[in-house]
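Engineer: Dropping the sequence and predicted coords here.
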Amino acid sequence: MNYGMKAHAHAYMWNDSVLLLGYLDQATARSLLEEADSLKRAIEQGVNKCYAISVKGQTFPEPGFPSGAVFNGQIAEQPRSIVIKASSFAFANCFQIEALLGPRHKTDWYVDGRLKDAIEKEPKVVDSIDLLPGGESREVLMFNGSLY
């Protein structure tokens with residue numbers, strides 16, 4: 001990842017969505033959330049107000065698929081498919097948070113309770129929902145405005 005997002009390893013973009021992937025063994029939760037917060041603010045300056053969901057998950061080992069080479073910022077012989085390295089459970093939890101909490105709370109940030117130590121600001125509201133794996137109940141912290 002170039003352009004000021006050194007803590008994140010990958011970014012995936014499609015339609016009106018962005019998935020950022022960072023590894024907690026390579027960066028702190030705070031640095032990852034600060035970068036995501038900065039990106040969210042930049043998007044809001046150029047486009048429209050948006051919301052962000054941050055979930056702690058697990059990645060899976062690399063499957064060993066070949067990837068295209070990068071030349072001058074362009075991908076040569078770009079693969080026809082991209083393997084998303086994020087956990088499908090974490091990805092599904094983002095959609096679960098959006099579906100269950102978004103319509104009720106309409107906040108700027110929805111943050112997995114397991115990341116609360118990375119944020120010094122008090123949440124606007126805290127709610128619990130069942131998340132994967134196993135359907136265990138977890139806290140989701142909700143914030144308005146910037147996290148930092």
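Structural biologist: Perfect, thanks for sending it. Numbers count the residues shown, from 1 in each chain.
Engineer: From now on I want contacts and neighbour counts done on CA atoms only, so please keep to that.
Structural biologist: Noted.
Engineer: Okay, now the unreliable bits of this protein?
Structural biologist: Within the chain, the stretches with pLDDT under 70 are 1-3, 61-79.
Engineer: Would you map the strands across the chain?
Structural biologist: Listed in chain order, the strands of the chain (DSSP state E) span 8-14, 17-22, 52-54, 69-71, 74-76, 109-112, 125-131, 136-143.
Engineer: For those strands, state which one has the densest average packing.
Structural biologist: Mean neighbour counts were compared across those using mean count of other C-alpha atoms under 10 Å; the top stretch is strand 109-112, at a mean of 24.
Engineer: any idea how far Asp108 is from Tyr51?
Structural biologist: Applying C-alpha to C-alpha, to the nearest Å, the value for Asp108 to Tyr51 is 4 Å.
Engineer: still on that earlier bit, out of the strands of the chain, which gets nearest to Leu100?
Structural biologist: With C-alpha to C-alpha as the criterion, Leu100 lies closest to strand 125-131 of the strands of the chain, at 7.9 Å.
Engineer: and the closest one, what other elements does it pack with?
Structural biologist: Applying 3 or more C-alpha pairs under 8 Å, 6 or more residues apart in numbering; DSSP states H and E, we find strand 125-131 packed against helix 88-105, strand 136-143.
Engineer: Quick one: the strands of the chain as TSV, columns for distance to Leu100 too.
Structural biologist: Below are the strands of the chain laid out as TSV (distance: least, C-alpha to C-alpha, whole Å):
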stretch	distance to Leu100
strand 8-14	22
strand 17-22	18
strand 52-54	12
strand 69-71	40
strand 74-76	38
strand 109-112	11
strand 125-131	8
strand 136-143	11
